[in-house]
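> model this:
(chains A and B)
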Amino acid sequence: MTVVRFAPSTSTALAELLLSMADDEFVIGFSDSEWTGIAPILEEDVAMSSIAQDELGHAKALYELLASVHNDGRDADALAYDREPEAYRHARLLDHRRGDWALAIARRFLYDTADAARLASIGDGWPPLGELIAKIRREERYHVMHALAWADRLARAGGEARERFVAALEALAPDAPTVLATPEGEAALLEAGILTRPMSAAFEGWRTEVAGILVPLGITLRLEAPADAAAARTGHSDDFRWLWGEFTSVRRSDPGATW
Amino acid sequence: MSAVATRPAPADEDAVREILRGVADPEIPAISIVDLGMVERIEVGPDRIEVELLPTFVGCPAQELIRSTVIDALAPLGRPTVVGFSFRVPWTSDRITDIGRRRLTAAGFAPPADPAAVRCPYCGSSQVVMDSAFGPTQCRSLFYCRGCRQPFEGFKVL
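Model prediction:
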């Protein structure tokens, strides 16, 4: 496996970055898989399931990189499942329970656009990550197209669809910027070329992009600069603790089993 | 040493590639992993064979099945095979060979193309619409042909 040759402080910051990205993809992947079988139309049943499968695949690849950084014998599954809820580092945006379809679309729209801004900030300072992100960005393009098409459809529909969509956006707006919270050790990551710009710059770019999409639809969203990652990615909700119980139940039912 | 005499039949990169032409994609058995463009590197050493594959999608669930199928297929060459998946080079849909594109079409899948250039694999009509970018596997989208009124699947452009 890949050998990591960074100063300890850079390795620690890299591990935190990988954990936050992997947990984001893992939690939204699991959340969206809840739509399998119950989405409003058959095509969306398939689409949400496929997107969830993509996200869980991205999470697995990121956990594998994290395992190589830790190099302590824990594999991707151990990193994904064998933690208490408090140890997860996903953004608070992903702490909300499934809700209705408007909430699912609002969350995907905010997450996919913010995630794209984050992925565009990853450099090739650590080639294994740079190579993986280059591949992931090709797939995420389809997720963004999906989210934009649905945001447009719900916003232009008027009536209850628009009302619910706008309400969902407003409910999520305070937490949406947490995806782009400044990671711990950001200076070291910039120095090593693992990041190519500070997350605050990614946040500003994302906020402008979101306004460029929503304002023409007559929606103004207040998006404020997030707290740093230490605050934005801890203290998870009861909704998340419930989801954690779901996604760890099989693993906990027979620890150490090979499935 | 006499070890040379006990070695199995000679194997080289071409021999390995030829065998891999018989390893099908588990999700679209009409096409081999070679024609899909997944085989990036083959190294045949005296003691082992290394095969580097590029996953079509990061989360493709067929990876482990493909790995074990490749190992089984190369077993007759008589030395251990190591199969690695890597993102060193990103797999893109233009790595699919011309033979692969023809086989996809024959099996009822439109090969990857810009939406405006997609043709119905059954009747060749250009009167097609994309119903959804997302299909039953990560690499496929859903289309409908207004010419022969058949739904069909197309490979995603990646």
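
> And the helix or strand hosting A:Ala117, how far out from the chain middle?
Taking DSSP states H and E as the definition, A:Ala117 sits inside helix A:101-119. Helix A:101-119 sits 8 Å away from the centroid of its parent chain (Cα atoms, centre = their mean, to the nearest Å).

> name the helices or strands packed onto that helix?
Packed against helix A:101-119 by the contact rule (3 or more Cβ pairs under 8 Å, 6 or more residues apart in numbering or on different chains; DSSP states H and E) you find helix A:8-33, helix A:127-157, helix A:159-172, helix A:199-214. (C-beta placed from N, C-alpha, C; glycine too.)

> In a markdown table, list those helices along with distance to B:Gln138 and mean pLDDT.
Below are the helices and strands packed on helix A:101-119 laid out as a markdown table (distance: least, Cβ to Cβ, whole Å; pLDDT from 0 to 100):
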| stretch | distance to B:Gln138 | mean pLDDT |
| --- | --- | --- |
| helix A:8-33 | 12 | 97 |
| helix A:127-157 | 8 | 97 |
| helix A:159-172 | 27 | 98 |
| helix A:199-214 | 26 | 98 |
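
> Of all those, which one is nearest A:Ser237?
helix A:8-33 (11.4 Å; Cβ to Cβ).

> and that closest one with helix A:101-119, angle?
Relative orientation of helix A:8-33 and helix A:101-119, computed by axes from the mean of the first three to the mean of the last three Cα atoms, to 10 degrees: 160 degrees.

> So for helix A:8-33, what gets flagged as buried?
Neighbour-count burial for helix A:8-33, counted by 16 or more other Cβ atoms under 10 Å in any protein chain shown, picks out A:10-11, A:13-33.

> Ok, stretch B:144-158 next?
B:145, B:150, B:152-158.

> Go through those and name the one nearest chain A.
Closest approach between the buried residues of stretch B:144-158 and chain A, by Cβ to the nearest Cβ: B:Leu158, at 5.2 Å.

> Mind exporting the C-alpha coordinates of the helix holding A:Ala117 to PDB?
Presented in PDB, the C-alpha positions along helix A:101-119 are these (Å, rounded to 0.1, in the frame of the first residue of the first chain):
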ATOM      1  CA  TRP A 101     -38.700  14.600  -1.200                       C
ATOM      2  CA  ALA A 102     -38.300  18.400  -1.200                       C
ATOM      3  CA  LEU A 103     -35.800  18.100   1.700                       C
ATOM      4  CA  ALA A 104     -34.000  15.200   0.000                       C
ATOM      5  CA  ILE A 105     -33.600  17.300  -3.100                       C
ATOM      6  CA  ALA A 106     -32.700  20.500  -1.200                       C
ATOM      7  CA  ARG A 107     -30.000  18.600   0.700                       C
ATOM      8  CA  ARG A 108     -28.600  17.000  -2.500                       C
ATOM      9  CA  PHE A 109     -28.500  20.300  -4.200                       C
ATOM     10  CA  LEU A 110     -26.700  22.000  -1.400                       C
ATOM     11  CA  TYR A 111     -24.300  19.100  -0.800                       C
ATOM     12  CA  ASP A 112     -23.500  18.300  -4.400                       C
ATOM     13  CA  THR A 113     -22.700  21.900  -5.200                       C
ATOM     14  CA  ALA A 114     -20.600  22.300  -2.100                       C
ATOM     15  CA  ASP A 115     -18.900  19.000  -2.500                       C
ATOM     16  CA  ALA A 116     -17.900  20.000  -6.100                       C
ATOM     17  CA  ALA A 117     -16.300  23.200  -4.700                       C
ATOM     18  CA  ARG A 118     -14.400  21.100  -2.200                       C
ATOM     19  CA  LEU A 119     -13.200  18.500  -4.800                       C
END
